[in-house]
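Q: here are the coordinates; sequence isn't available:
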């Protein structure tokens with residue numbers, strides 16, 4: 001109920017954070033500006049045409065081998081294996097000594113035909129010596145032939161597909177580029193037995209680029225400056241039992257890919273996300289609450305101790321289920337932010353996941369300078385994560401700008417800030433300037449049949465809030481909450497998770513929530529900028545920006561109310577009662593902003609609204625019609641806000657009642673000042689109206705002398 005929140009609309013625009021039925025491919029590929037503050041810029045993307053298929057594992061395929069040369073090392077690594085596996089592994093190591101390769105990159109380079117299999121024996125493979133710093137691109141637009149001495153020198157930071165093909169190890173420890181049906185698997189007892197260590201020398205560990213049918217299995221990739229495993233523009237791939245850890249940005253990243261599966265995977269210690277899916281084919285764009293198919297499926301994965309467990313910018317129609325997202329800063333995040341194909345994000349499905357205890361705050365590593373060190377000196381192995389984005393620490397799910405997304409049958413518990421944080425992402429954040437597109441996000445999302453604040457064993461483990469919603473969107477619905485929500489009243493989901501009743505259609509968010517989102521997302525890792533008045537980074541109480549504005553607005557309104565009453569309506573009992581109620585409402589409202597799930601905000605709005613109405617009628621009685629009706633209108637919208645916030649969301653209003661009330665308050669302030677200044681006494685009006693005649697002087701009741709009465713009459717003007 002803060003007056004100053006309306007100032008949000010005058011703030012400078014926030015910069016963009018950093019189909020089987022043959023979905024339409026953009027006529028011109030989109031230049032990619034990824035969602036993360038520090039994400040590397042990628043070449044113009046072309047989304048696959050959807051003609052590929054999911055590959056299957058080939059257990060007994062003939063293979064070429066990758067191994068080390070130290071016999072003592074391999075003996076030690078397989079010593080604890082079961083006998084059969086140990087003997088088989090040592091046999092493969094013997095074959096590899098005469099006909100195998102020492103790095104995965106060399107093995108991939110030898111593949112000339114589709115359907116090959118590469119087996120990597122247990123060991124740690126330092127596949128990436130530091131790459132030379134990129135220099136300006138050569139004047140020619142052509143690509144030098146592979147094998148020429150100058151082919152991979154002087155390349156730009158963002159490479160074309162042709163340049164990646166010619167120079168697969170400039171940015172990648174191993175580049176699987178333009179291959180078909182290639183299977184790469186580690187032959188250890190577990191993924192950690194085969195480790196590809198990028199050594200922070202290159203952006204990517206294993207890059208799968210336009211390589212349909214790729215199957216990666218049973219290995220670990222670590223220490224990349226961007227992504228451990230990066231699947232790009234590939235139609236048909238599987239990441240099976242792989243681990244991605246201790247990378248500057250992503251563990252497993254799938255961008256503009258289709259017919260994909262990530263299963264039995266693990267990801268931890270990543271600065272942006274453990275698992276990320278972006279720009280999948282928009283196959284369900286014409287559907288409502290159903291999906292045509294799921295271009296990428298994530299199942300049975302464990303993503304923990306990252307900034308985000310699963311991130312989905314433009315993750316259209318993805319299906320994430322039966323996975324664990326715990327111990328991160330945020331468990332799951334979807335958004336419509338950044339210049340990516342497939343925006344706005346839509347139709348993602350999340351079910352039967354455990355989204356729990358995502359309370360790790362890594363922003364102190366930015367404050368103390370740890371994240372300013374070179375990547376290799378940050379001690380990722382000891383639990384350091386350098387967050388690339390500003391996000392609400394202690395949140396299960398963040399959805400900014402998604403449409404038709406569904407969360408059901410998940411276990412969402414012990415997230416200290418909120419189970420769900422959901423808000424608006426204007427189209428400006430994805431590079432759209434058209435006014436008509438600014439309001440096309442955050443619609444028709446559904447949260448139903450989840451287990452909120454309860455562990456799978458039945459023990460209680462409450463979230464800080466179950467739902468934090470900024471109030472913007474059309475046709476979305478939520479289940480009943482146990483730990484409360486902000487606002488208290490949410491549109492409910494009914495049978496089958498479909499919205500009940502009339503629903504609401506809001507195209508602008510609540511000003512206070514919008515202000516909080518605006519300030520909190522000003523985080524920047526490169527500039528070492530952390531907003532100090534945001535709950536996401538540890539602020540609380542009156543240290544929060546929205547509470548500061550609420551307090552300042554309450555003080556300003558209270559002061560001008562008292563002045564207006566004294567100058568314009570002193571002596572009116574109704575105006576005095578209205579002023580008193582309004583002041584009480586402002587005080588209660590400030591306390592309510594400190595306890596957002598309580599009834600205090602609704603009670604404060606109720607008192608404020610009643611006070612405004614009473615004061616307005618008092619002004620009308622004193623012949624101040626303009627100011628009086630303006631005050632009454634403020635009261636009506638305050639009362640509607642009380643109902644909307646605490647009892648039932650009011651349908652048909654295109655904006656929250658608070659937006660209209662605050663707009664009227666902004667107009668009321670100068671009007672009350674003008675009226676108070678022009679009034680000659682407490683009952684004079686500033687409008688051009690008939691002046692009240694002064695009263696005749698009263699005579700003492702004891703006076704009965706007719707001469708005295710006559711003299712008094714002569715003294716009258």
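A: On my side now, so go ahead. Quick caveat, the model's predicted, so the values are computed rather than measured.
Q: Can you classify residue 398 by secondary structure?
A: Secondary structure, DSSP: H, G, I helix; E, B strand; the rest coil: residue 398 is strand.
Q: For the closest residue to it other than its chain neighbours, what is the enclosing helix or strand?
A: The shortest distance from residue 398 to any non-neighbouring residue, by Cβ to Cβ, 6 or more residues apart in numbering, is to residue 333 (4.4 Å). In this view, the C-beta of every residue, glycine as well, is placed from N, C-alpha and C. Per DSSP states H and E, residue 333 falls inside strand 330-335.
Q: picking up where we left off before, now for the residue nearest to residue 398, how many residues are close by?
A: Residues contacting residue 333 under the criterion other Cβ atoms under 10 Å number 30.
Q: thinking again about what came up before, relative to the strand holding residue 333, what are the paired strands and their orientations?
A: strand 308-313 (parallel), strand 395-400 (parallel) (DSSP bridges).
Q: residues making contact with the very next helix or strand once past the first one?
A: Same thing as strand 308-313. Sequence order places strand 319-321 as the next helix or strand after strand 308-313, per DSSP H and E. Strand 319-321 has contacts (Cβ atoms under 8 Å, 6 or more residues apart in numbering) with 291, 294, 296-299, 310, 332, 348-353.
Q: Report the distance from the strand holding residue 333 to the chain centre.
A: Relative to its chain's centre, strand 330-335 lies at 6 Å (Cα atoms, centre = their mean, to the nearest Å).
Q: Average pLDDT for that strand, rounded please.
A: Mean pLDDT, strand 330-335: 97.
Q: before we move on, what about stretch 179-195?
A: Here the average pLDDT along stretch 179-195 is 97.
Q: Figure out the length between the terminal residues of it.
A: Stretch 179-195 has its terminal residues 22 Å apart, counting by Cα to Cα, to the nearest Å.
Q: next one: stretch 45-55
A: For stretch 45-55, the end-to-end distance is 23 Å (Cα to Cα).
Q: And it, what's buried?
A: When neighbours are counted by 16 or more other Cβ atoms under 10 Å, the buried residues of stretch 45-55 are found to be 45-48, 50, 52, 54-55.
Q: what pairs with the one helix or strand residue 238 maps to, and is each one parallel or antiparallel?
A: Per DSSP H and E: residue 238 is located in strand 235-240. When pairs are called by DSSP bridges, strand 235-240 turns out to pair with strand 214-217 (parallel), strand 258-263 (parallel).
Q: With mean neighbour count, distance to residue 437 and mean pLDDT as extra columns, can I get the ones you listed in TSV?
A: Putting the strands paired with strand 235-240 into TSV (neighbours: other Cβ atoms under 10 Å; distance: least, Cβ to Cβ, whole Å; pLDDT from 0 to 100) gives the following:
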stretch	mean neighbour count	distance to residue 437	mean pLDDT
strand 214-217	23	36	98
strand 258-263	24	25	98
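Q: looking at those, which is closest to residue 546?
A: Minimum separation from residue 546 across the strands paired with strand 235-240 (Cβ to Cβ) falls at strand 258-263, 37.9 Å.
Q: shaky segments in the protein?
A: Applying pLDDT under 70 to the chain picks out residues 1-40, 128-150, 679-717.
Q: Tell me which stretches of the stretch 301-450 of the chain form helices.
A: 364-367 (DSSP state H, counting those that start in this stretch).
Q: OK, contacts around the spatially closest residue to residue 184 that is not a sequence neighbour?
A: Nearest residue to residue 184, sequence neighbours excluded (Cβ to Cβ, 6+ apart): residue 118, at 4.7 Å. For residue 118, the contacting residues are 63-66, 104, 107-108, 111, 182-185, by Cβ under 8 Å, 6+ apart.
Q: circling back: mind putting the strands paired with strand 330-335 into TSV with distance to residue 342 and mean neighbour count?
A: Shown next, in TSV, are these (distance: least, Cβ to Cβ, whole Å; neighbours: other Cβ atoms under 10 Å):
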stretch	distance to residue 342	mean neighbour count
strand 308-313	9	30
strand 395-400	15	28
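Q: could you dump those to a markdown table with distance to residue 199?
A: What follows is the strands paired with strand 330-335, written out as a markdown table (distance: least, Cβ to Cβ, whole Å):
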| stretch | distance to residue 199 |
| --- | --- |
| strand 308-313 | 24 |
| strand 395-400 | 32 |
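Q: quick one on the thing from earlier: could you confirm the residue nearest to residue 184 falls within a strand?
A: Yes - Residue 118 forms part of a strand when assessed by three-state DSSP.
Q: correct me, but residue 671 touches residue 630?
A: Yes - at 6.4 Å, residue 671 counts as touching residue 630 under the criterion of Cβ atoms under 8 Å.
Q: any idea how far stretch 494-513 is from the chain center?
A: With Cα atoms, centre = their mean, you get 19 Å for stretch 494-513.
Q: Check which residues of that stretch are buried.
A: Buried residues in stretch 494-513 (16+ other Cβ under 10 Å): 497, 499, 503-504, 506-513.
Q: from the residues you listed, which ones fall inside helices?
A: 511-513 (DSSP state H).
Q: out of the residues you listed, who's nearest residue 600?
A: Closest approach between those and residue 600, by Cβ to Cβ: residue 512, at 14.0 Å.
Q: ok, and the closest non-adjacent residue to the closest one?
A: Closest to residue 512 by Cβ to Cβ, 6+ apart is residue 546, at 4.4 Å.
Q: in a helix, that's where the one you found is, yeah?
A: Yes - under three-state DSSP, residue 546 falls within a helix.
Q: quick one, phi psi at residue 114?
A: phi -70, psi 160 (degrees, to the nearest 10).
Q: what residues are up against the closest residue to it other than its chain neighbours?
A: Once flanking residues are discounted, residue 114 sits nearest to residue 180: 3.8 Å by Cβ to Cβ, 6+ apart. Going by Cβ under 8 Å, 6+ apart, residue 180 touches 114-115, 211-213.
Q: Now for the nearest residue to residue 188 once chain neighbours are set aside: which residues touch it?
A: Nearest residue to residue 188 in three dimensions, chain neighbours excluded: residue 122, at 4.4 Å (Cβ to Cβ, 6+ apart). Counting by Cβ under 8 Å, 6+ apart, residue 122 makes contact with 74, 77-78, 89, 186-188, 193-194.
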